[in-house]
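Visitor: Return atomic coordinates for the entry below.
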Amino acid sequence: MSVTLADVAKATGLSASTVSRALSDPDKVNPSTRERVRKIARDMGYVPNLLARSLTAGRNDIVGLIVPDIANPFFPPIIKAVQARATSKGKTVLIADVDEHPADELHRARVMRKRVDGLIVVSPRTPDDQLAALAELRPIVFVNRELPGTASVIIENSDGMREAVEHLTALGHRRIGYLNGPRRSWSNIQRQNAVRQACADQGAELVEFGPFEPQIQAGVRAADLVHASGMTAVIAYDDMIALGLMARLNERGIRVGPDISVIGIDDSPMSGMAYPTLTSIHVPGAEAGAAAVDIVLDLADAPDDAPPPVRQLETRLIVRGSTSPVPG
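Guide: Below you'll find the predicted structure:
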């Protein structure tokens, strides 16, 4: 005969509601009680009836996650953090990759919302004039995109970009380039504004190229433009573009670091494996993913008129081998 929740409650000497919270919503129970309940339930061979629980609560215990491109190194840390946090809350994650097709995003979100308890949309590419339709699929949380009146986790670019420009000017660089990301990217607008302000504050000349897609091949194409411009340092929209830039410059016999300094954005695992290692602005993707899960689950339990929370995370510069004093 299968072990029931009531059996576990009797064995622990706790109420059935406390045992239920310890197993399904552990953050609402103190750690010692939670661990005791879990151990006794495990020893008794208790298996939760997820179907019955979902029917009773009107929930599926599934969180939907939409990303623009699962192959881009910026997104895997967010995905892993979302999965880890959701698992700790007793939830499963359903993932959709729209492959950088903005037109697919709203359609995917509408289909997924019928099956999940809430949506997390990372760096949404949906145009501004359609974003309100996406925001209506509540509970929903945007990561790395801001829309007034909508729950979001915002990654603040200004501190990291300011540190990058200050680092370059301290090394003597006065002519700095920025390789723009896609026109549709909200992040690129924020980064573009931040680098313009930082260069103005430091009295450095800024030269911009792009837009470029967040791909290594885009950096390869940008390299000849960068070299011909005479700039001594360049900041790329992301690490992918920066790594492609470095590869092409090395092919042309231009030494990254001694001859030209390069900075990426994201601090992806690849940045520490490149040669030379890539100086990059760290973006707290894992922290953003975990925060998004907390917010979307809180919203699922909150009244419809509850104010949508906004969480802001900071960026910072990680200095490695791809930046050096200005040559000569």
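
Visitor: rest of the way, CA atoms for contacts and neighbours
Guide: Fine.

Visitor: what comes into contact with stretch 291-300?
Guide: Where contact means C-alpha atoms under 8 Å, 6 or more residues apart in numbering, the residues beyond stretch 291-300 that reach it are 82, 85-86, 117-120, 139-143, 151-153, 306, 308-309, 311.

Visitor: pull the CA atoms of that stretch into CSV?
Guide: Extracted in CSV, the C-alpha atoms of stretch 291-300 (Å, rounded to 0.1, in the frame of the first residue of the first chain):
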residue,chain,number,x,y,z
ALA,A,291,15.7,35.7,-9.4
ALA,A,292,13.3,35.3,-12.3
VAL,A,293,12.1,31.9,-11.0
ASP,A,294,11.4,33.4,-7.5
ILE,A,295,9.5,36.3,-9.0
VAL,A,296,7.4,34.3,-11.4
LEU,A,297,6.4,31.8,-8.7
ASP,A,298,5.6,34.6,-6.3
LEU,A,299,3.4,36.3,-9.0
ALA,A,300,1.6,33.0,-9.6
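
Visitor: tell me the average confidence for that stretch?
Guide: Mean pLDDT, stretch 291-300: 93.

Visitor: What of stretch 169-183?
Guide: 96.

Visitor: In that stretch, which residues are buried?
Guide: Neighbour-count burial for stretch 169-183, counted by 16 or more other C-alpha atoms under 10 Å, picks out 169, 171-182.

Visitor: Out of the residues you listed, name the ones that lie in strands.
Guide: Among the buried residues of stretch 169-183, the members falling in strands (DSSP state E) are 175-179.

Visitor: Out of these, which is nearest to Ile70?
Guide: For those, the closest approach to Ile70 (C-alpha to C-alpha) belongs to Leu179, at 22.1 Å.

Visitor: could the buried residues of stretch 169-183 be laid out in JSON lines, adding distance to Arg248?
Guide: As requested, the buried residues of stretch 169-183 are exported to JSON lines (distance: C-alpha to C-alpha, whole Å):
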{"residue": "Thr169", "distance to Arg248": "24"}
{"residue": "Leu171", "distance to Arg248": "23"}
{"residue": "Gly172", "distance to Arg248": "24"}
{"residue": "His173", "distance to Arg248": "21"}
{"residue": "Arg174", "distance to Arg248": "23"}
{"residue": "Arg175", "distance to Arg248": "20"}
{"residue": "Ile176", "distance to Arg248": "18"}
{"residue": "Gly177", "distance to Arg248": "16"}
{"residue": "Tyr178", "distance to Arg248": "17"}
{"residue": "Leu179", "distance to Arg248": "15"}
{"residue": "Asn180", "distance to Arg248": "18"}
{"residue": "Gly181", "distance to Arg248": "18"}
{"residue": "Pro182", "distance to Arg248": "21"}
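
Visitor: can you give me the helices for this structure?
Guide: 5-12, 16-24, 31-44, 50-57, 76-88, 102-113, 128-135, 158-170, 186-202, 216-229, 239-251, 285-301 (DSSP state H).

Visitor: Could you tell me the end-to-end distance of stretch 127-144?
Guide: Counting by C-alpha to C-alpha, to the nearest Å, you get 14 Å between the two ends of stretch 127-144.

Visitor: Worst mean pLDDT across the helices and strands of the protein, which element?
Guide: Taking mean pLDDT, DSSP states H and E as the measure, the chain has helix 50-57 as its least confident helix or strand, at a mean of 47.

Visitor: thought Leu106 was touching Leu134?
Guide: Yes: using C-alpha atoms under 8 Å, Leu106 is in contact with Leu134, at 5.9 Å.

Visitor: Listing request: residues of the chain with sub-threshold pLDDT.
Guide: Scanning the chain for pLDDT under 70 picks out the ranges 1, 25-26, 48-60.

Visitor: show me what contacts the residue nearest in space to the middle of it?
Guide: The geometric centre of the chain, computed from its C-alpha atoms, lies nearest to Gly285 (C-alpha atoms, centre = their mean), at 3.8 Å. Listed by C-alpha under 8 Å, 6+ apart, the contact set of Gly285 reads 74-75, 77-78.
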